[in-house]
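Participant: No sequence on hand, only this structure:
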């Protein structure tokens, strides 16, 4: 029963209706959470006893990193939907997620570099976590370029889906790089067996910012999917109109 409801909601026509109704609420929730999160991050959370005020970069860096990985995982699931089930929205979801995930990954790398300068004395080191996130950004860029290279949408969808699944091997490397290699990054401090190691005065603002970025990312993704569906409709109508004009008989020449 639940699967049939999900399948019906995932049809393009139903998706356009319910996503259009849900987006205003999502934008409102995202704006509220972002406002609260920024207030807690900048005016309530105390400076770190070692890092001082620079620790506040964490409230942007960590949510951006989470969403960079999350949207690639979303693309990997969508790639399976394209290759296995050929779902009509799978490629749409994947294509809409790519630029959003790339943008959050870039924000993660930029804020990480700004955070690294006062902490490590340099903007960049070939740390395992940093390098794997850079590889993620390059994969995003490659997928976006591949979509533009192949003109046939069906061929492009299959090629991108295959490359996306190949690139998904980087996700566990990003997650466990701090455990597998000696890195400058600290181990997991939120999702761990013994519970978070961050003090509540910093943990709650961080969780609020993660929630704000997540809702914002979902809203951007739904809006991107709607835009992609409309773009494809316009493309289809343009092709049909061109075919109609080609098939139309030429007007008879008028007598002089």
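Facilitator: Received it, and whenever you're ready, just let me know what you need. Here the structure is a predicted model, which means the values were calculated and not measured.
Participant: Is it correct that residue 46 falls within a strand?
Facilitator: No: assessed with DSSP: H, G, I helix; E, B strand; the rest coil, residue 46 is coil; it does not lie in a strand.
Participant: Contact partners for it?
Facilitator: Applying C-beta atoms under 8 Å, 6 or more residues apart in numbering to residue 46 gives the contacts 201-202. C-betas here are computed from N, CA, C, even on glycine.
Participant: do you know how far it is from residue 117?
Facilitator: Applying C-beta to C-beta, to the nearest Å, the value for residue 46 to residue 117 is 22 Å.
Participant: Repeat that for residue 38.
Facilitator: In terms of C-beta to C-beta, residue 38 sits 22 Å off from residue 117.
Participant: Specify which residue of those two has the higher count of neighbours.
Facilitator: Each of residue 38 and residue 117 has its neighbours counted (other C-beta atoms under 10 Å); residue 38 has more, 17 against 13.
Participant: what's the pLDDT at the more buried one?
Facilitator: The pLDDT attached to residue 38 in the predicted structure is 96.
Participant: Now do the same for it: helix, strand or coil?
Facilitator: Assignment for residue 38 (three-state DSSP): helix.
Participant: What average pLDDT does the longest helix seen in the chain get?
Facilitator: Secondary structure of the chain per DSSP state H: the longest helix is helix 200-247. Summarised as a single mean, pLDDT over helix 200-247 is 88.
Participant: How about stretch 150-158?
Facilitator: The pLDDT scores in stretch 150-158 average 90.
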